[in-house]
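> Any chance you could fold what I've pasted below:
(one chain, ligands or ions: 1)
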Amino acid sequence: MQRWVTLFFDKYIHESYFPSVGITDIVEILIIAVVVYEIMLWIKNTKAWMLLRGMLMLGFFILFAAIFQMHTILFLAKESINVLAIAAVVVFQPELRRALEKLGEKNLLSNINLFDKNKENQRFSDETVNGIVKACFDMGRVKTGALIVVEQAIHLTEYEKTGIELDCKVSPQVLINIFEHNTPLHDGAVIIRGNRITSATCYLPLSDNMQISKDFGTRHRAALGMSEVCDALVIVVSEETGQVSVAMGGQLVRGVTPDYLGTRLCQIQYRNGDSKKFSLRKGRRKDEDA
Ligand SMILES: Nc1ncnc2c1ncn2[C@@H]1O[C@H](COP(=O)(O)OP(=O)(O)OP(=O)(O)O)[C@@H](O)[C@H]1O
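Numbers count the residues shown, from 1 in each chain. Sure thing, here's the model as predicted:
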């Protein structure tokens, strides 16, 4: 037995090559682990998950063909692999674009304050937060439908172009007036950048999510669709129920309270992710109460 163990160690352990592991290698392993994890998360949360499953099926099929030496299938697979790779990039262009934009959103550079040094950290003022919250719930009370997109890091210029250009300060009166029935600007969505309403009657992409409730009409689908393709916070006021809902990152929360909406807006109010609490009682942020 002892001889067997000695032989085993001599053969497999003694002759094995153990590379020396330095700090750089550990950092490298950590970076690769994080990147692989992020890619897996991205695959899981997008249509790429279906692509991966399709590719796995194809892989098994090719393996099967290889085991049984099916030369024609192997030849076809080899020839079409490049075409399939290009097709995947074309089909998943929106998801790939979103993933790259998300990477940009992380704004690592602004955290070390090299590039954003001169930019104001605040996206919009408390007045804008209060104005949006007030307008949404006032419209909800009288069942006026509305769709409001609050821009974050990703610029929404291409969606602005689908509507009528405006440039006015956000206020509850203006928002209510825009969405008033039978007025020229009431259809479509309003886009807000900072403290300004940049355009109205904008057309937003509809979500093709099959799992969302059949009760949702196109206004809610457009809110969800928009939140899937960019980082904006999208607010919907239902004409049918008067409920206010919020969509962000492909998730729609229905029937929110003014406090909830205010808090969500405060969460995106600062570029570096700072957020302050919103208090409904005074319609202002809690830090201002002091
Ligand atoms: N793609 C879109 N982009 C922007 N606005 C849209 C889009 N699709 C629909 N809308 C807006 O939604 C309105 C129609 O809403 P619809 O009744 O279909 O939706 P809903 O989700 O059931 O909302 P509601 O509860 O208010 O009825 C349109 O008049 C238009 O203003």
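
> Strands of the stretch 101-250 of the chain, residue ranges please.
Remark: strands assigned in the stretch 101-250 of the chain by DSSP state E, counting those that start in this stretch are 146-150, 164-169, 189-193, 196-202, 233-237, 244-248.

> and of these, who's closest to residue 176?
Nearest to residue 176, of all the strands of the stretch 101-250 of the chain, is strand 146-150, at 8.6 Å by CB to CB. (Glycine included, C-beta is placed from N, CA and C.)

> Packing partners of that closest one?
helix 126-141, helix 172-179, strand 189-193, helix 218-229, strand 233-237 (3 or more CB pairs under 8 Å, 6 or more residues apart in numbering; DSSP states H and E).

> please redo it, this time with the cut-off set to 6 Å
When contacts are defined as 3 or more CB pairs under 6 Å, 6 or more residues apart in numbering; DSSP states H and E, strand 146-150 packs onto strand 189-193, strand 233-237.

> For the ones you listed, give me JSON lines that also has mean neighbour count and mean pLDDT.
Formatted as JSON lines, the helices and strands packed on strand 146-150 follow (neighbours: other CB atoms under 10 Å; pLDDT from 0 to 100):
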{"stretch": "strand 189-193", "mean neighbour count": "26", "mean pLDDT": "96"}
{"stretch": "strand 233-237", "mean neighbour count": "25", "mean pLDDT": "96"}
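
> got the ones you listed as TSV, with distance to residue 54 columns?
Shown next, in TSV, are the helices and strands packed on strand 146-150 (distance: least, CB to CB, whole Å):
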stretch	distance to residue 54
strand 189-193	34
strand 233-237	31
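
> closest one to the ligand among those strands?
strand 189-193 (4.5 Å; CB to the nearest ligand atom).

> Show me the contact partners of that closest one.
Strand 189-193 has contacts (CB atoms under 6 Å, 6 or more residues apart in numbering) with 147-151, 156, 160, 170, 178, 197-200, 202, 204.

> Around the ligand, which positions in the stretch 151-290 of the chain sit nearby?
The stretch 151-290 of the chain has residues 187-189, 203-204, 206, 216-220, 222, 238-240 near the ligand, with proximity defined as CB under 6 Å from any ligand atom.

> and which of the residues you listed is nearest the ligand?
residue 217 (2.1 Å).

> So what does the residue nearest to the closest one when sequence neighbours are not counted have for phi and psi?
Nearest residue to residue 217 in three dimensions, chain neighbours excluded: residue 240, at 7.8 Å (CB to CB, 6 or more residues apart in numbering). Dihedral angles of residue 240 (phi, psi; degrees, to the nearest 10) stand at phi -80, psi -50.

> tell me, how many neighbours does residue 240 end up with?
Residues lying near residue 240 (other CB atoms under 10 Å) number 10.

> same deal with residue 140?
Residue 140 has 21 nearby residues by other CB under 10 Å.

> May I have the phi/psi pair for the residue found closest to it once you drop the neighbours it is linked to in the chain?
Distances taken as CB to CB, 6+ apart put residue 242 closest to residue 140, at 4.2 Å, once the chain neighbours are dropped. With angles defined as degrees, to the nearest 10, residue 242 sits at phi 80, psi 0.

> Report how many residues lie close to residue 242.
16.

> Ok, the one 4 residues further on next?
One way to gauge burial is a neighbour count; for residue 246, by other CB under 10 Å, it gives 23.

> That one against residue 253, yeah?
Yes - with contacts counted by CB atoms under 6 Å, residue 246 reaches residue 253, the gap being 5.1 Å.

> Need the pLDDT of the closest residue to residue 228 other than its chain neighbours.
In space, not counting the residues next to it along the chain, residue 228 is nearest to residue 250; the distance is 4.4 Å by CB to CB, 6+ apart. Listed pLDDT for residue 250 reads 86.

> Next, residue 250: phi, psi?
The phi/psi pair for residue 250 (degrees, to the nearest 10) is phi 80, psi 10.
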